[in-house]
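Chemist: Predicted coordinates and the sequence they were generated for:
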Amino acid sequence: MRLPTTLSSALAGALAVTGFAPLGGWPVPILALAALFHQMRADAPRAAFLHGWAFGLGFFLAGVSWVYVSISTYGGLPLPLALLTTLLFCAFVAVFPGLALMLAARLAAPGFCRTALALPAAWVLLEWVRGWFLTGFPWLALGYSQAPDSPLAGFAPALGVYGVSLAAALAAGGLALLAVHRLKAGLGVALLFLAGWGLQHVEWTRPVGAPVSVALLQGNVAQDMKFQVDRLAPTMQGYARMALATDARLVILPETALPLFRSAVPADYLNALAGPMRQRNGDLLLGLPEDDGPGVYYNSVMSLGASPEGTYRKRHLVPFGEFVPFGFRWFVDMMQIPLGDFARGAADQPPIAAAGQRLAVNVCYEDAFGAERIHAARDATLLVNVSNDAWFGASLAPAQHLQIGAMRSLEAGRWQLRANNTGVTAILDHQGRVRAALPSFTTATLTGQAQGRSGETPFLRWGNVPALLLCVLLLAGAYFPKRRP
């Protein structure tokens, strides 16, 4: 293994990030992966691992550099330790692309089957593993780069994000084979895009009732000031003014909009918010920490207004930011993160009934885990995400987070309302397209209409099972020719 080839893999990985939001050049990750597959088409397993790890290192260093912002600028970690932590984290998650290429090299002999079948299938299979191993880090799965504009996004309602990843990886494998198998590879790539384009024209879900008027509040409270005692009153007053200034039937505030426990919020304050909502038969969703006994608290969303009060408690917590992994208390204690050890909400929480809709609510990072959202999304008419991306400053993270939300809308065939403290606050339709959005780092209210929808997409019925089964079948198809006498 020569350094120049490993370096070129790292550069290809870094270049692939430009295909994700905010740049959104969706063909670029496919082309970068095609270059990687072509370069290691005849590699031994060890060399294949090094190529994949180098690609992953460049990919994650460029794509999730915002980890440094959260742990240094807002977490208070010293500069050298923050840089080292970011590097080690990226080096660790880069192991998964390395393992994917090594697996393909072990299972399939060099040739058509390795490049066309084994490499794409192994790539997606290890993406899926990355999405749950040690609580999971599914950020920047290949499929997200295709949402919502690529024809391959049409696979999302049928197969989910990993099905879109598989389609993109198969396209990359076909492009890597063009020089040798021009007709066969070109036809395969064309059929993939044609199938995706056709699926985009299928209406998997149907409208329910009339559109509902909505108002999404973006308070733009700086993260380094959010939990300061002297900022509490201005924050609460500001959100109250914004909420009372709108006549929308559904009003949504961001994650931890009120940075104090539910039991400490004055009843008069909540009544002042709920009263006008009841008068117009509407409801307000409010993010705040909810205490439930000594040392037990949740990152919650509650509803107030005409409907019976509802609550959602965040279930998928962020390591180090919302819970302390075993043996890492010393590391968390070095960071200045308030409320750093939340309890987990139940896995089967139903949608919240509000404003004549059924709302599948999730909090911030949770919407990166599509399969975990299926239970609530099946019975919901709208998806709701409340977030506080102020933790990541003016980085790539907020735009990437919005693109993840677009994939969730595509998978479920539902409109989505996203209320974010500093942005991106947006209304997305059932095809993952942004209907309206606010500029980041502004204090404003986004108003508009959202159309409730019902019905099951194939993804809501079967989850990731079909995509993973396809990966296994492709790997088996690539393996048996190697064992043939």
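Modeler: Nice, thanks for sending it over.

Chemist: From here on, just use CA atoms for contacts and neighbour counts.
Modeler: Fine.

Chemist: the bottom helix or strand of this protein by mean pLDDT?
Modeler: helix 329-334 (a mean of 56; mean pLDDT, DSSP states H and E).

Chemist: so Gly275 sits in a helix?
Modeler: Yes: under DSSP: H, G, I helix; E, B strand; the rest coil, Gly275 sits within a helix.

Chemist: pLDDT at the most centrally placed residue in the chain, what is it?
Modeler: In the chain, the C-alpha nearest the mean C-alpha coordinate belongs to Ala368, at 2.9 Å (C-alpha atoms, centre = their mean). Predicted confidence (pLDDT) for Ala368: 96.

Chemist: My guess is it contacts Leu402. True?
Modeler: No: in this structure Ala368 lies outside contact range of Leu402 using C-alpha atoms under 8 Å: 10.2 Å.

Chemist: So what's the residue count around Gln449?
Modeler: Using other C-alpha atoms under 10 Å, Gln449 has 17 other residues around it.

Chemist: Identify the residues contacting it.
Modeler: 211-214 (C-alpha atoms under 8 Å, 6 or more residues apart in numbering).

Chemist: wait, which of these is closest to Gln451?
Modeler: Pro211 (4.3 Å; C-alpha to C-alpha).

Chemist: how much space between that closest one and Gln357?
Modeler: Remark: distance between Pro211 and Gln357 (C-alpha to C-alpha, to the nearest Å) = 10 Å.

Chemist: And for Leu383?
Modeler: 10 Å.

Chemist: Pull the residues that contact the first helix or strand past the least confident helix or strand of the chain going along the chain.
Modeler: Using DSSP states H and E, the helix or strand that follows helix 329-334 in sequence is strand 352-354. Identification of contacts with strand 352-354 by C-alpha under 8 Å, 6+ apart yields 250, 282-284, 303, 306-308, 310-312, 358-361.

Chemist: All the helices of the stretch 201-350 of the chain, in order from the start?
Modeler: 229-244, 267-279, 329-334 (DSSP state H, counting those that start in this stretch).

Chemist: Between these, which one is closest to Met407.
Modeler: helix 229-244 (28.9 Å).

Chemist: For that closest one, what does the pLDDT average out to?
Modeler: So the average pLDDT for helix 229-244 ends up being 92.

Chemist: now the angle from that helix to helix 267-279?
Modeler: Orientation of helix 229-244 against helix 267-279 (axes from the mean of the first three to the mean of the last three C-alpha atoms, to 10 degrees) gives an angle of 20 degrees.

Chemist: Identify each buried residue in helix 229-244, please.
Modeler: Using 16 or more other C-alpha atoms under 10 Å as the test for burial, helix 229-244 gives 232, 235-236, 239, 242-244.

Chemist: Tell me where the stretch 51-200 of the chain has helices.
Modeler: 66-68, 79-93, 95-107, 112-113, 119-130, 156-176, 182-199.

Chemist: Please verify my assumption that Phe37 contacts Ala176.
Modeler: Yes: using C-alpha under 8 Å, Phe37 makes contact with Ala176 at a distance of 6.2 Å.

Chemist: Please, where are all the strands along the chain?
Modeler: For the chain, strands defined by DSSP state E occupy the ranges 206-207, 212-218, 250-252, 283-291, 297-305, 311-313, 352-354, 357-363, 382-387, 415-420, 426-428, 434-437, 444-450, 453-454.

Chemist: Format those strands as TSV; extra columns: mean pLDDT and distance to Gly198.
Modeler: Listed next are those as TSV, based on pLDDT from 0 to 100; distance: least, C-alpha to C-alpha, whole Å:
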stretch	mean pLDDT	distance to Gly198
strand 206-207	98	18
strand 212-218	98	30
strand 250-252	98	35
strand 283-291	95	37
strand 297-305	96	38
strand 311-313	97	37
strand 352-354	97	34
strand 357-363	98	28
strand 382-387	98	25
strand 415-420	98	21
strand 426-428	98	21
strand 434-437	98	21
strand 444-450	98	26
strand 453-454	98	21
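
Chemist: now those as JSON lines including distance to Ser8?
Modeler: As requested, the strands of the chain are exported to JSON lines (distance: least, C-alpha to C-alpha, whole Å):
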{"stretch": "strand 206-207", "distance to Ser8": "47"}
{"stretch": "strand 212-218", "distance to Ser8": "42"}
{"stretch": "strand 250-252", "distance to Ser8": "46"}
{"stretch": "strand 283-291", "distance to Ser8": "45"}
{"stretch": "strand 297-305", "distance to Ser8": "43"}
{"stretch": "strand 311-313", "distance to Ser8": "45"}
{"stretch": "strand 352-354", "distance to Ser8": "49"}
{"stretch": "strand 357-363", "distance to Ser8": "38"}
{"stretch": "strand 382-387", "distance to Ser8": "37"}
{"stretch": "strand 415-420", "distance to Ser8": "38"}
{"stretch": "strand 426-428", "distance to Ser8": "37"}
{"stretch": "strand 434-437", "distance to Ser8": "35"}
{"stretch": "strand 444-450", "distance to Ser8": "44"}
{"stretch": "strand 453-454", "distance to Ser8": "46"}
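
Chemist: Out of the ones you listed, which gets nearest to Trp26?
Modeler: strand 434-437 (16.6 Å).

Chemist: can you pull the buried residues of that closest one?
Modeler: Residues of strand 434-437 classed as buried: 434, 437 (neighbour count, 16+ other C-alpha under 10 Å).

Chemist: Name the residues that touch it?
Modeler: By C-alpha under 8 Å, 6+ apart, the list of residues contacting strand 434-437 reads 424-429, 446, 448.

Chemist: again with stretch 161-178
Modeler: 30-31, 33-35, 37-38, 112, 115-117, 119-121, 123-124, 127-128, 141-144, 146, 152-156, 185-186, 188-189, 192, 370, 407, 411, 464, 467-468, 471.

Chemist: how does it look with 7 Å?
Modeler: 30-31, 33-35, 37-38, 115-116, 120-121, 124, 141-144, 152-153, 155-156, 185-186, 188-189, 192, 407, 467 (C-alpha atoms under 7 Å, 6 or more residues apart in numbering).

Chemist: And for stretch 126-133?
Modeler: 96-97, 100, 136-138, 141.

Chemist: Outline the domain layout of the protein.
Modeler: Per automatic domain parsing, the structural domains of the chain span 3-203+463-483, 207-455.

Chemist: quick revisit: between the helices of the stretch 201-350 of the chain, which gets nearest to Gly75?
Modeler: helix 329-334 (8.3 Å).

Chemist: circling back to that earlier point, Leu383 and Gln357: which is more packed in?
Modeler: Neighbours per residue (other C-alpha under 10 Å) separate Leu383 from Gln357, with Leu383 holding more: 29 against 20.

Chemist: Test my guess that that one contacts Ala412.
Modeler: No: counting by C-alpha atoms under 7 Å, Leu383 stays clear of Ala412, with 8.8 Å between them.

Chemist: ok, back up a step: between Pro211 and Gln357, which contacts overlap?
Modeler: Contacts common to Pro211 and Gln357, judged by C-alpha under 7 Å, 6+ apart, are Gly452.

Chemist: which residues touch the nearest residue to Pro22 once chain neighbours are set aside?
Modeler: Among residues not flanking Pro22 along the chain, Ala399 sits closest, at 5.3 Å (C-alpha to C-alpha, 6 or more residues apart in numbering). Shown in contact with Ala399 (C-alpha under 7 Å, 6+ apart): 21-22, 424.
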